[in-house]
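# Just need the structure, nothing else, for what follows:
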Amino acid sequence: MKKNLLAVTLLLLAFAPAWAQSDAKSKGILGKMSANYRSYTSMSADITFTIDNQKEKIKEVQQGKMLIKGDKFRIDFGDQLLMTDGKTLWGYLKDMKEVTVSNYEPDPDELSPTTVFTIYEKGFESYYINASSLEGVAVHTIDLTPTDKSKPFFKIRLVVDQAKLQIMQAVVFDKSGAKYTYAIKNFIPNKALTDADFVFNKAKYPGVEVIDMR
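Next comes the predicted model:
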């Protein structure tokens with residue numbers, strides 16, 4: 001569970017365009033991209049998450065899906081489902097048939113799926129690397145470096161679709177030598193979602209054990 005929660009946290013970091021003393025080109029692109037994301041009422045995306053740590057000889061790949069609507073989110077990484085309706089947080093471990101229920105108390109100074117596109121005002125410097133192509137799509141590559149050097153990572157590399165101004169790929173470079181890569185596909189803005197999509201329905205999961213920590 002901790003590993004998958006780490007994956008979710010790093011995913012949110014990868015979605016956080018921000019700058020401090022940045023070059024003008026990267027700042028302009030990130031500003032337009034941020035405004036683009038802010039205009040969406042909801043979002044859906046398929047995510048491929050790869051952990052690559054050559055030092056530890058670790059190579060893992062996970063498939064996931066993320067839904068966001070207002071202050072609600074739902075993140076499914078296959079063996080773990082994490083969701084909130086803005087008030088309650090559910091963490092479901094599928095192989096253990098166990099769901100933990102707690103109050104959702106987001107820290108306004110930390111990243112969450114609902115603040116990730118508005119937290120860009122502080123915390124990073126950005127640098128434009130180049131224009132190239134990825135899977136036949138024209139892209140911008142931009143590096144983000146945290147102004148707080150105590151962070152566990154030293155760089156996030158964003159690959160941005162030039163036409164759509166959407167993230168296609170994000171790579172988090174950890175100080176431990178690990179590299180976390182996120183490939184974003186099938187991004188759908190303004191997807192029709194209901195409030196029920198963000199509430200854990202026990203009836204749909206027979207035999208699940210509920211651990212209520214509220």
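# Any stretches of this structure with poor pLDDT?
Flagging of the chain using pLDDT under 70 yields the residue ranges 1-22, 107-122.
# switch the cut-off to 80
By pLDDT under 80, the low-scoring segments of the chain are 1-22, 106-123.
# mind listing the strands for it?
42-53, 58-69, 72-76, 80-84, 88-93, 98-103, 124-134, 137-146, 153-161, 167-174, 179-189, 209-212 (DSSP state E).
# doesn't Q80 make contact with R74?
No. Distance between R74 and Q80: 11.7 Å, which falls outside the contact criterion (Cβ atoms under 8 Å). Bear in mind the C-beta positions are built from the backbone N, C-alpha and C, glycine included.
# As CSV, the strands of the chain with mean neighbour count and distance to S26 would be great.
Supplementary listing: the strands of the chain in CSV, determined by neighbours: other Cβ atoms under 10 Å; distance: least, Cβ to Cβ, whole Å:
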stretch, mean neighbour count, distance to S26
strand 42-53, 18, 23
strand 58-69, 16, 24
strand 72-76, 21, 27
strand 80-84, 21, 31
strand 88-93, 19, 34
strand 98-103, 15, 38
strand 124-134, 15, 4
strand 137-146, 19, 5
strand 153-161, 20, 9
strand 167-174, 20, 14
strand 179-189, 17, 19
strand 209-212, 11, 44
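# Nearest to D23, out of those strands?
Shortest separation from D23 across the strands of the chain is recorded for strand 124-134, at 5.6 Å, computed as Cβ to Cβ.
# Just want the angle from the closest one to strand 179-189.
Relative orientation of strand 124-134 versus strand 179-189 (axes from the mean of the first three to the mean of the last three Cα atoms, to 10 degrees): 80 degrees.
# List the strands paired with strand 124-134, with their directions.
The strands beside strand 124-134 in its sheet (DSSP bridges) come out as strand 137-146 (antiparallel).
# Which residues does the partner strand contact?
16-19, 26, 29-30, 123-133, 153-163, 168 (Cβ atoms under 8 Å, 6 or more residues apart in numbering).
# on that earlier part again, between the strands of the chain, which gets nearest to F200?
Per Cβ to Cβ, nearest to F200 of these: strand 88-93, 3.9 Å.
# Tabulate the CA atom coordinates of the closest one in PDB.
C-alpha atoms of strand 88-93 as PDB (Å, rounded to 0.1, in the frame of the first residue of the first chain):
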ATOM      1  CA  THR A  88     -14.200  11.000   3.100                       C
ATOM      2  CA  LEU A  89     -11.100   9.200   1.900                       C
ATOM      3  CA  TRP A  90     -11.300   5.500   0.900                       C
ATOM      4  CA  GLY A  91      -8.200   3.300   0.300                       C
ATOM      5  CA  TYR A  92      -9.100  -0.100  -1.100                       C
ATOM      6  CA  LEU A  93      -6.600  -2.900  -1.300                       C
END
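# Report the beta-bridge partners for D161.
V139.
# how about the longest helix along the chain as PDB, C-alpha atoms only?
Ranked by residue count under DSSP state H, the longest helix found in the chain is helix 24-38. Taking C-alpha atoms only, helix 24-38 is exported to PDB below (Å, rounded to 0.1, in the frame of the first residue of the first chain):
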ATOM      1  CA  ALA A  24      10.600  33.100 -20.300                       C
ATOM      2  CA  LYS A  25       9.800  30.300 -22.800                       C
ATOM      3  CA  SER A  26       9.200  27.600 -20.300                       C
ATOM      4  CA  LYS A  27       7.200  30.000 -18.100                       C
ATOM      5  CA  GLY A  28       5.000  31.000 -21.000                       C
ATOM      6  CA  ILE A  29       4.200  27.400 -22.000                       C
ATOM      7  CA  LEU A  30       3.500  26.300 -18.400                       C
ATOM      8  CA  GLY A  31       1.300  29.300 -17.900                       C
ATOM      9  CA  LYS A  32      -0.800  28.400 -20.900                       C
ATOM     10  CA  MET A  33      -0.900  24.800 -19.900                       C
ATOM     11  CA  SER A  34      -2.000  25.600 -16.400                       C
ATOM     12  CA  ALA A  35      -4.800  27.900 -17.700                       C
ATOM     13  CA  ASN A  36      -5.800  25.000 -20.000                       C
ATOM     14  CA  TYR A  37      -6.200  22.500 -17.200                       C
ATOM     15  CA  ARG A  38      -8.000  25.100 -15.000                       C
END
